[in-house]
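Participant: The following block contains a protein sequence and its predicted model.
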Amino acid sequence: MITKQQKTTIIFAVPALLLATAFFANLLMKDWNWSIFDFIVATVILFGTAFFVNLVVLSNKAFITKVLISLVILMIVCLVWIELAVGIFGSFLAGS
């Protein structure tokens, strides 16, 4: 059985690994060009998502409810990330 501490560690390890991957890709690849602002925004988005998913996972709700809420959170984050990257909605936050 996985303890609460282990669940929290796993949930927060995922964004840390994603950011580490992006950092090393930024160092090693010519086409990858993130500024410090890009890393700050990615950190806020990824660890904010991990925080909210952790709250859901540690709540006393039914398993299916936890899964559905987590999927909604992840879907919102994906839409925000895509908007910041390429601007599919054309908002003022739209990226390149």
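Facilitator: The structure has been received and is ready for your questions.

Participant: mind listing the helices for this structure?
Facilitator: 4-28, 36-57, 63-86 (DSSP state H).

Participant: Give the other helices and strands that the first one contacts.
Facilitator: Under the contact criterion of 3 or more Cβ pairs under 8 Å, 6 or more residues apart in numbering; DSSP states H and E, helix 4-28 touches helix 36-57. The C-beta positions use only the backbone N, C-alpha and C, and glycine is treated the same way.

Participant: Phi, psi for Gly90 please.
Facilitator: phi 70, psi 30 (degrees, to the nearest 10).

Participant: How many neighbouring residues does it have?
Facilitator: 8 (other Cβ atoms under 10 Å).

Participant: Equivalent analysis for Leu46, please.
Facilitator: By the measure other Cβ under 10 Å, the count of residues near Leu46 is 20.

Participant: ok, it - contacts?
Facilitator: Under the criterion of Cβ atoms under 8 Å, 6 or more residues apart in numbering, the neighbours of Leu46 are 14-15, 18-19.

Participant: at 7 Å instead, please
Facilitator: Going by Cβ atoms under 7 Å, 6 or more residues apart in numbering, Leu46 touches 15, 18-19.

Participant: can you tell me which residue is nearest the centre of the chain?
Facilitator: By Cα atoms, centre = their mean, the mean C-alpha position of the chain lies nearest to Leu46, the distance being 2.8 Å.

Participant: where's that one relative to Ala22, distance?
Facilitator: Leu46 sits 10 Å away from Ala22, going by Cβ to Cβ, to the nearest Å.

Participant: repeat for Val67
Facilitator: Distance, Val67 to Ala22, by Cβ to Cβ: 27 Å.

Participant: Burial-wise, tell me which of the helices of the chain comes out on top.
Facilitator: Most buried of the helices of the chain by mean neighbour count (mean count of other Cβ atoms under 10 Å) is helix 36-57; its value is a mean of 15.

Participant: for this protein, what are the low-confidence residue spans?
Facilitator: 95-96 (pLDDT under 70).

Participant: So what's the residue count around the nearest residue to Ile82 once chain neighbours are set aside?
Facilitator: Counting by Cβ to Cβ, 6 or more residues apart in numbering, Ile82 lies nearest to Ile88, which is 5.5 Å off, once chain neighbours are set aside. When neighbours are defined as other Cβ under 10 Å, Ile88 has 11 of them.
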